[in-house]
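Novice: my questions concern the predicted model and sequence given below.
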Amino acid sequence: CKMAWRRFAAAGLVPGSLVGWELFAYGKQRQKFDDAKKVRPKPLVEGSTAWLIERDARTLDLVCVRHKALDRGPAAALADAAARVDEAYPYDGVGVVVVERDGVSRVLRADLNGTVTATPLASLLRDHAAFAEVALVPLVWNDDDREAIATPARRFFAEALLRCGSGGAPRFAPWAALRDARVAPLLLPRASWPRLPRAAPLDARLRDAVSPAATLALETLGACDVVRSDYVDGCASVPADLLTGRVPLRRGARYAPERRVDVVVGNAASSDT
C-alpha cells in the first residue's frame, strides 16, 4: 500500500510542478502589470544604446524579442521553443514599430493567445524582467515610400488594438499556447503547418496562427502594401521568416540584418552586427 502511494505521489509530482510553474509565471505577469500602472517609468538615459535605438526607430522597423522561459510558464515556454525554428535567429516574438502622430514609437505585438498590445519602444527596451534579448531590425526603404505608409500603418495599428487589444493586461490562458498550430513547428514539416483561413477576421487569424506575433507583423506589412496580400492570406509563418528573406517584400523594401543592433537588456550589453 505504501509503495502504491509513493508511485501515485511521484506520478503527480511532475504535473503538479508544471501547474505551479504556470501559476507562478502568471502571478509575476499580473504583478508586473499592476506595478506598471502605479509607477511612472523612468526615461531612457540620453546617449545610451537604448536611447539611440528608440530615437532612430521608424515605422515598419521590426523589434524581435527572446523571452525568458522561466517567466513565461511551461505552456508558453514550449510554444516559444517551437517558434525558434531557425538557429541563426533565436527570437520567439516579433513586433512592428509604428511612429504615431505625437512622435512616440510604439511596438504593435501579439501574444501567444492572440491578444494585441501596443508598447512604447522605450518601455520595451527597458523591460529586462521579461526578455533575455531584444533586437531592432531596420527597414531599408525609399523615404518617399516610407512617408506614404504612415497613414495606413497608423490606421491598422488602431484597428488591431480595437479588435484584439486588452490594454496590456495578461490573460490567464495557458491552453492557448498549446493549440495544435503553436507546436506544429516541433512536429510537422513546414508544408503541413496549419494555414490561416483567407476570409477570417483578424482576431480569429491571430488565435489560430502558428505564431500570432509573426502573423500580426505580416498583416501590418500587408496593410501597408509592403507584402502582397495573397501571400499573407495563405502563409503560416514564424518570426525568423521576416529576417531570413523568406517573406517577399515589395517596392524595393528590405530588412537589413547586417545593421541589426542586439541589446541584451539583462546586463546592458550590446553589439552591432
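Specialist: That came through, no problem.
Novice: where do the helices sit along this structure?
Specialist: 2-38, 49-56, 73-83, 121-126, 143-148, 150-164, 174-177, 180-187, 202-207, 212-223, 229-233 (DSSP state H).
Novice: worst mean pLDDT among the ones you listed?
Specialist: Ranked by mean pLDDT, the helices of the chain bottom out at helix 2-38, which scores a mean of 57.
Novice: now residue 158: how far from residue 203?
Specialist: 15 Å (C-beta to C-beta, to the nearest Å). Heads up, the C-betas are built off the backbone N, CA and C, glycines and all.
Novice: cool, and residue 66?
Specialist: Taking C-beta to C-beta, one finds residue 66 at 26 Å from residue 203.
Novice: the two - which one has more neighbours?
Specialist: residue 66 (21 against 16; other C-beta atoms under 10 Å).
Novice: hang on, the more buried one packs against residue 89?
Specialist: No: between residue 66 and residue 89 there is no contact under C-beta atoms under 8 Å: 9.6 Å.
Novice: burial of residue 177, as a residue count?
Specialist: Neighbour count of residue 177, defined by other C-beta under 10 Å: 23.
Novice: which residues sit in contact with it?
Specialist: 73, 75, 76, 78, 79, 112, 113 (C-beta atoms under 8 Å, 6 or more residues apart in numbering).
Novice: what do you get if the cut-off is 10 Å, keeping everything else the same?
Specialist: By C-beta atoms under 10 Å, 6 or more residues apart in numbering, the residues touching residue 177 are 22, 72-80, 82, 111-113, 183, 212.
Novice: ditto for residue 209
Specialist: Counting by C-beta under 10 Å, 6+ apart, residue 209 touches 110, 112, 114, 179, 181-182, 193-196, 215-216, 218-219, 235-238.
Novice: let's see 7 Å
Specialist: Residues near residue 209 by C-beta atoms under 7 Å, 6 or more residues apart in numbering: 181, 196, 215.
Novice: out of the residues you listed, who's nearest residue 227?
Specialist: residue 215 (11.7 Å; C-beta to C-beta).
Novice: verify the stated contact: the closest one with residue 205.
Specialist: Yes: using C-beta atoms under 7 Å, residue 215 makes contact with residue 205 at a distance of 6.1 Å.
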